[in-house]
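A.B. asks: I would like to see how this sequence folds:
(chains A and B)
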2 protein chains.
Amino acid sequence: MTAPRPLRVGLLGFGTVGRSFARLVKEQRERLRSTLGVEVRIAAIASRSLHRQETSWLEPPVRLGTDLAEVATADDVDVVVELIGGLSPAGDLLLAALAAGKSVVTANKALLAARGPELTRLASRNGLFLGFEAAVAGGIPILRALRESFAGDRVVSVGGILNGTCNFVLTEMERTGRSYGDVLADAQRLGYAEADPEADVGGADAAAKLALLSRLAFGQEVPVDAIPREGITRLLPCDFVYSRLLGRTPRQVASARLMPTGHVLLSVRTHLVSSESMLAKVTGPFNAVVVAAENGGEFVLSGRGAGGDPTATAVLADVVELARSGPRPGVAPFGSPVLAPFAPAAPEEFAAPFYLRFVVSDRPGILADLSRALADQAINIDAVFQAPYGEKDALPFVITLETVAAPQLSRALEAIAALPFHVEPPLALPMTP
Amino acid sequence: MTAPRPLRVGLLGFGTVGRSFARLVKEQRERLRSTLGVEVRIAAIASRSLHRQETSWLEPPVRLGTDLAEVATADDVDVVVELIGGLSPAGDLLLAALAAGKSVVTANKALLAARGPELTRLASRNGLFLGFEAAVAGGIPILRALRESFAGDRVVSVGGILNGTCNFVLTEMERTGRSYGDVLADAQRLGYAEADPEADVGGADAAAKLALLSRLAFGQEVPVDAIPREGITRLLPCDFVYSRLLGRTPRQVASARLMPTGHVLLSVRTHLVSSESMLAKVTGPFNAVVVAAENGGEFVLSGRGAGGDPTATAVLADVVELARSGPRPGVAPFGSPVLAPFAPAAPEEFAAPFYLRFVVSDRPGILADLSRALADQAINIDAVFQAPYGEKDALPFVITLETVAAPQLSRALEAIAALPFHVEPPLALPMTP
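C.D. replies: Prediction:
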């Protein structure tokens, strides 16, 4: 085999993933060359904190510096690998790189969710590669699967467990019976949750990933802000007790469904899934993506959804694709070269059996008031549960509902919220297979 | 978007998968054109039984006939889709097609296992596409994942549940407590097993798939005959009873591991896996492929591993890849353009705790004889189990062993087989996580 022309990487960012990527390039270089005939070389690294990092292990020659914009457009760079994260300055740096004729690989889901179409258009116009496999579910190759393996089929739903922090917290709450706050503190100590956990536990992270997945799956320009989201912060230990009684367990599920109308129904929220389901088996900081297609049926991909090494391997796989195949102008980053406008499903298109959990200050007539509010919206109660649990002035109990449409339930919950006996705001969770 | 040049398909074979593929091309044509800018057209179909098939639903113009060789090399065909199966004449037809400058997509795992390197060399020499995603695990896009998504990492193991028939039979035996023969008859009635089930239940089908997976994963020229295999035919209802006692369940597992020596350890056999493991959760006619890589960690892909529609979607995905990207000479069908010679692991590289099940004609001294044969090979017994089950003249019981190397165990089993009290030959199954 003749020596291949090296693909020269300009690396922006040298945090956990950046360092892992540089190490991986060094360790895999010989294997890539001998088995795949591919030569990848890091030509330059820019990071604002580079002076605080050990860099002596990097293979020379590599230019090191703090000038991100210089590396993004440098003459000796073929592909810019962006691992700084955040919207700014990453967005402008990548637009500058694409304008200067550099291909781009990034793991920046927030940026792609916000400015993906703009980046895609510029990459396509200039015949460049834009890879972002690492932006969703780290080491799980779901974007490539949607872009290529499902190209011959109509995808009808995509989603699953897209946030490892939430899954760790929920499965630890279930396993230990401890409170959200206690388990979150553990997760922070173990490195499974950030010091500021809001993007993870509040659902923003999963919503950004779901926006990317659903663009690829349905070919629509899904805006991340169109995704309704609820976090996991309101779950109480009693919710795990009642879930078990129901043969279910709480999972934070991101869901995108193509409805028969052609509309897309999106949400990030906690579901009570059946204990026998695939999603229930996914425990700890793992991710699982479920795809259903018209002819191929349902399939599940699970693995570690984050971490420096899994994310870096996904970045390197994109870089290797570029080195082996070039930009492949026929394969647009989001599958379809031109995404259709977003067609959101109306709220009434979502219906499911629901779990309602109340914590009340006990007094006569509570069940009568709640039943009345539900009956006023023609909602059928399936069952009422009250485990031997809680105190008279903070008594939890649960009402399960037969299948109910979302707007009906919202109206009932609005009326219920105005009732005077709540100690905690009521919690409503869909119960899905 | 300007109208793309159509990619013209010559379809060989019009059985279940062939008809499903033709229907899919018809149904997805408009979506492929409008969203991906790809035009796929079936120009010709050849099948020896075409006269027995309904063909009026096919979109004209399509040439229909029985001359496979004509369609394989026809001037109006860009890509030959081979769905006739078997080694002959499929192998010669595809070599003729590649020699005539046609790209090839096939679902024929037996052919690829036997003649993959030959087909690959000819495709590469002529700059043509050779796609076979559908050959392993139908709708599960595992080959593309290994070829592209794991390109930047070193895969250290690949395998899992690769045969839906075996998995259906095992999980039904577990669920119902019925015998192998009864459940197999059910599977045949339900279409989950062939009239001649030998290739499935005996392990040949899984071995062919494992050969393809391990070539892609490890870049070695793994011959299918090098894979030791044992079928599921010797399992008895009592094995499910004892498995449950051990917190385990039988699964037919295909396994390929890259050892620290660089050797590859291969097998297709029944394992007793932990009831908590991912593989234990895969029930019915499903497949699950587990890949572990040095940096990316472990990931699992599961879905329907067979059937006309899932297989046809995988075939169409390959055809769409060709239509969008052309042959991609930098991406060899087995990943590495030149596979290294196969380096098989020595039998002693495999070690595991084992389950030994005996069915004996009860008499004094049996346990003493068995213990002696094991002690002679310095094998430690972990526990002895005898459920209240069976008759005095056909009494099943189980000995579990601490971790033991394969050659040691073989020698002990040879000595044990010579003992006079067996009613069934002893069964030895590794117990793995």
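A.B. asks: for A:E174, give me its contacts.
C.D. replies: The contact partners of A:E174, by C-beta atoms under 8 Å, 6 or more residues apart in numbering or on different chains, come to A:F240, A:S243, A:T249, A:P250. Backbone N, C-alpha and C define where each C-beta goes, glycine included.
A.B. asks: hang on, the third one packs against A:S275?
C.D. replies: Yes. Using C-beta atoms under 8 Å, A:T249 and A:S275 qualify as a contacting pair, with a distance of 5.6 Å.
A.B. asks: for the helix or strand containing A:L212, packing partners?
C.D. replies: Taking DSSP states H and E as the criterion, A:L212 maps to helix A:204-218. Counting contacts by 3 or more C-beta pairs under 8 Å, 6 or more residues apart in numbering or on different chains; DSSP states H and E, helix A:204-218 packs against helix A:109-125, helix A:142-144, strand A:155-161, strand A:248-258, strand A:264-274.
A.B. asks: just put the ones you listed in JSON lines and tack on mean pLDDT and distance to A:V319.
C.D. replies: Below are these laid out as JSON lines (pLDDT from 0 to 100; distance: least, C-beta to C-beta, whole Å):
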{"stretch": "helix A:109-125", "mean pLDDT": "95", "distance to A:V319": "15"}
{"stretch": "helix A:142-144", "mean pLDDT": "95", "distance to A:V319": "13"}
{"stretch": "strand A:155-161", "mean pLDDT": "97", "distance to A:V319": "25"}
{"stretch": "strand A:248-258", "mean pLDDT": "98", "distance to A:V319": "27"}
{"stretch": "strand A:264-274", "mean pLDDT": "98", "distance to A:V319": "30"}
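A.B. asks: sorry, back to before: so between A:T249 and A:S275, which is more surrounded?
C.D. replies: A:T249 (22 against 13; other C-beta atoms under 10 Å in any protein chain shown).
A.B. asks: where are the low-confidence patches of the stretch 251-400 of chain A?
C.D. replies: In the predicted model, the stretch 251-400 of chain A carries no residue with pLDDT under 70.
A.B. asks: residues from it in reach of chain B?
C.D. replies: A:278, A:281, A:293, A:295-304, A:307, A:309-310, A:312-317, A:319-321, A:323-326, A:328, A:330-331, A:335-338, A:340 (C-beta under 8 Å from any C-beta of the partner chain).
A.B. asks: and these, which are buried?
C.D. replies: Using 16 or more other C-beta atoms under 10 Å in any protein chain shown as the burial test, these include A:278, A:281, A:293, A:295-304, A:307, A:309-310, A:312-317, A:319-321, A:323-325, A:328, A:330-331, A:335-338 as buried.
A.B. asks: out of these, list just those in strands.
C.D. replies: Within these, residues falling in strands by DSSP state E are A:A293, A:G297, A:E298, A:F299, A:V300, A:L301, A:S302, A:G303, A:R304.
A.B. asks: list the contacts of the second one.
C.D. replies: When the contact criterion is C-beta under 8 Å, 6+ apart, the partners of A:G297 are B:G139, B:G303, B:R304, B:G307, B:D309, B:P310.
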